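Novice: Sequence and computational prediction follow.
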Protein chains: 2
Amino acid sequence: MEITLVPKISTPRPLSVATVQFEPIVGESARNLAAINRLVRIAKADGADIVVLPELAVSGYNFRDAEEVEALSGAVPGGPGADVLCQLAAELSIYVVSGIAERDGGRFYNSAMICGPQGFIGKYRKLHLWNNEHRYFEKGNIGLPVFDLPFGRVGIAICYDGWFPETFRSLALAGAELVCVPTNWVPMAGAESVAEPMANILHKAAAHSNGMFIACADRTGTERGQRFIGRSLIIGPDGWPISGPASADREEILLAKIDLSSVAETRALNSFNHLLGDRRADVYG
Amino acid sequence: MEITLVPKISTPRPLSVATVQFEPIVGESARNLAAINRLVRIAKADGADIVVLPELAVSGYNFRDAEEVEALSGAVPGGPGADVLCQLAAELSIYVVSGIAERDGGRFYNSAMICGPQGFIGKYRKLHLWNNEHRYFEKGNIGLPVFDLPFGRVGIAICYDGWFPETFRSLALAGAELVCVPTNWVPMAGAESVAEPMANILHKAAAHSNGMFIACADRTGTERGQRFIGRSLIIGPDGWPISGPASADREEILLAKIDLSSVAETRALNSFNHLLGDRRADVYG
């Protein structure tokens, strides 16, 4: 791995990132796709170049049983949900990152896909499954891909992936400048009495210690007794929010104008220190 | 590595942890040791079993040149500063973790030492040096040791080490239940306009994602133009402060009654998830 200790003078790569926070309803894919269609168009009208949607945005999250998962999953690409997203991205000439329940033969994955003006680009399968997801989904088996887009390098992480600092570090080392996080954050034990959810803190820390942008799109609402906490946010490479956090319970689009060329500069802290170059991989367990 | 997915019913291991926030003066070792002596006695009277002191607490931080570093460093153990700390710990029957400038032959390290009722126990040499420290100190070459104490397993990290999530993860994987952090946090670019310093956020995230206690002892004051930010804090394994954060600029002792047996329980999140067991070491870069 080659690390640039002193950033080269770099061409600005401006970009508008949006996160869409809304409430999918489990089982109602057509209704959820209609909401996505409406909200992505608003984001586009607001100037967004790339839009991030929540985890499992098409299907909903809190499945009743394996049969329901099967009924709500599709091929990525090629399934009906994936195709609608790809057509929308192509029509609007925009990039869309969305969580989606993926069927691959007899196996199911809690996945996210990215599509753009030319259609389907790639996908990611959640590495770290949370709780009952283990009943329905296989653990991700295609690593942590980084996608080369015209404006820069983009990675994807999903919800509980964010509890593992290795997720963001691995993406940063693989060249990611922006990580899109479709998520369905649930309340954490002990986190109810405070103003800021731990999920926000974890991603601020990850953005700061890797010097990169992170855009988290959460959902709202309560689904079959499972509450979600909203609080979507877009974080800069210094670790501070540049848009949001959003409310806990309302439909909201966050928008941030960013420049991915600032990532290399942020990581080079001074003449001695570089956020990635200073790692002591010779020591870590 | 063996990870206990379901915590065994464990005997409580109660413990009072203190952090001492004060203002060392560079070059005035005798004065600094007198302040340490006074403050550790107060912490002991308040019930502390283990006391954490700031980084380079005996020497001060902002050295003028290599000659000054040489004059202010000593063997660990065996040098005058280390001996005073060990005698104090033995007299008070208390554990003391302190930052200290270490001389080893012609080499110098930004180290921390731990001593207890029986005297010297061990040391750690800072792995990730910050800025001008590179002019004076060698990078740490003794890894990330974890010390088996009667009440549990304790690791040490120093200041900029905390910018690397790998530091806390490696200590957790090596069995640490409490990490003591002697530190000299300096203001971070962009962090001045907000109520909470990024240093606090990073350590809350580290405590939460590793399910362990972290006790950070920072210094205050301005030394030859370099300001320090105070804000010492003691964090529980759920990531929330259990004492502090302290003020930005006052001498303060934080005290927290903790139970290290809660660490194993905190890490086992539910019947499917374990904070360390869920790692995907097969994927991380």
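Specialist: That came through fine. Numbering: from 1, shown residues only, chains lettered A, B, ... in the order given.

Novice: pull the CA atoms of stretch A:157-176 into CSV?
Specialist: C-alpha atoms of stretch A:157-176 as CSV (Å, rounded to 0.1, in the frame of the first residue of the first chain):
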residue,chain,number,x,y,z
ALA,A,157,-21.1,0.0,5.2
ILE,A,158,-24.4,-1.1,6.8
CYS,A,159,-25.6,-0.3,10.4
TYR,A,160,-23.8,-2.7,12.8
ASP,A,161,-20.8,-2.7,10.5
GLY,A,162,-20.2,0.7,12.1
TRP,A,163,-19.6,-0.9,15.5
PHE,A,164,-16.4,-2.3,14.1
PRO,A,165,-13.7,0.4,13.6
GLU,A,166,-12.0,-2.1,11.2
THR,A,167,-14.8,-1.5,8.7
PHE,A,168,-14.0,2.1,8.1
ARG,A,169,-10.2,1.5,8.5
SER,A,170,-10.3,-1.2,5.9
LEU,A,171,-12.3,1.0,3.5
ALA,A,172,-9.9,3.9,4.1
LEU,A,173,-6.9,1.7,3.4
ALA,A,174,-8.6,0.5,0.2
GLY,A,175,-8.9,4.2,-0.9
ALA,A,176,-12.4,5.2,0.1
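
Novice: And it, how far out from the chain middle?
Specialist: Put simply, stretch A:157-176 sits 10 Å off its chain's centre (C-alpha atoms, centre = their mean, to the nearest Å).

Novice: can you tell me how far the residue nearest to the spatial centre of chain A sits from chain B?
Specialist: Nearest residue to the geometric centre of chain A (C-alpha atoms, centre = their mean): A:V181, 1.6 Å. For A:V181, the distance to chain B (C-beta to the nearest C-beta, to the nearest Å) stands at 15 Å. Where you see a C-beta, it was placed from the backbone N, CA and C, and this is true even at glycine.

Novice: Tell me which helix or strand comes right after the lengthiest helix in chain A.
Specialist: Criterion DSSP state H: the longest helix present in chain A is helix A:29-45. For helix A:29-45, the succeeding helix or strand toward the C-terminus, using DSSP states H and E, is strand A:50-52.

Novice: circling back: can you pull out the residues in contact with the longest helix of chain A?
Specialist: Residues outside helix A:29-45 that contact it (C-beta atoms under 8 Å, 6 or more residues apart in numbering or on different chains) are A:18, A:20, A:22, A:24-25, A:51, A:53, A:57-60, A:72, A:80-81, A:84-85, A:88, A:92, A:94, A:96, A:98, A:251, A:253, A:255.

Novice: Out of these, which sit inside strands?
Specialist: Per DSSP state E, strands hold the following members of the contacts of helix A:29-45: A:18, A:20, A:51, A:96, A:98, A:253, A:255.

Novice: Please identify which pair of the residues you listed lies farthest apart.
Specialist: Maximum pairwise distance among the ones in strands among the contacts of helix A:29-45 (C-beta to C-beta): 17.1 Å, between A:S98 and A:L255.

Novice: of those two, who's got more company?
Specialist: Ranked by neighbour count (other C-beta atoms under 10 Å in any protein chain shown), A:S98 and A:L255 place A:S98 first, with 30 against 18.

Novice: Surely the more buried one and A:S59 touch.
Specialist: No. In this structure A:S98 lies outside contact range of A:S59 using C-beta atoms under 8 Å: 10.8 Å.

Novice: mind listing what's buried in stretch A:40-48?
Specialist: By neighbour count on 16 or more other C-beta atoms under 10 Å in any protein chain shown, the buried set for stretch A:40-48 is A:40, A:43-44, A:48.

Novice: count of residues packed around A:A172?
Specialist: 25.

Novice: and the gap between A:R219 and A:E55?
Specialist: As judged by C-beta to C-beta, to the nearest Å, A:R219 and A:E55 stand 7 Å apart.
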